[in-house]
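>>> Structure of the sequence below:
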Amino acid sequence: MEFTGKLIYNDDGDYEIHNENKVFYLTDALNEIYYADNNHLSLRITCGDRLLFFEDSTIYKKVNKQKLYSYFICGADLEDTLFDNTNKIVNVTITAEALGNYGPFIETEGS
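Numbering: from 1, shown residues only. Next up, the predicted model:
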């Protein structure tokens, strides 16, 4: 699944991606993958022509440099990448068997 929009860090400490008429709840999708029996995913995040994050492995949590629990994939701290690019237009491509249906993580604004 590919989604492009403005990366938002909401008041609940979750990441969302907003475009013209939809919201993708990225943190909720990552939580679903993390707690699934098969927690393997491929995640690619770009901002314009810049590749910000690209890993293909299992997702896990550990304490990062800021002493916060963060998602890691292949040793790369996803929280750092997301936080550093908040309020920017990003393109996220996420593939995971645990997310057979992406519908629960996408909401049409105004509904």
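
>>> Now the spatially most central residue of the chain: closest residue in space that isn't a chain neighbour?
In the chain, the residue lying closest to the centroid (CA atoms, centre = their mean) is residue 26, at 4.1 Å. Excluding the flanking residues, the one nearest residue 26 by CB to CB, 6 or more residues apart in numbering is residue 15, at 4.4 Å. C-beta: built from backbone N, CA, C; applies to glycine.

>>> That neighbour: how many residues sit nearby?
When neighbours are counted by other CB atoms under 10 Å, residue 15 registers 23.

>>> Kindly report the same for residue 94.
Residue 94 sits with 20 neighbouring residues when counted by other CB under 10 Å.

>>> Now the strand ranked longest in the chain: buried residues?
Criterion DSSP state E: the longest strand present in the chain is strand 50-63. Neighbour counts over strand 50-63 (16 or more other CB atoms under 10 Å) mark 52-53, 55, 59 as buried.

>>> who does the residue nearest to residue 26 bridge with?
Beta bridges link residue 15 to residue 9, judged by DSSP bridges.

>>> Check the spacing between it and residue 38 real quick.
Taking CB to CB, to the nearest Å as the measure, residue 15 falls 22 Å from residue 38.
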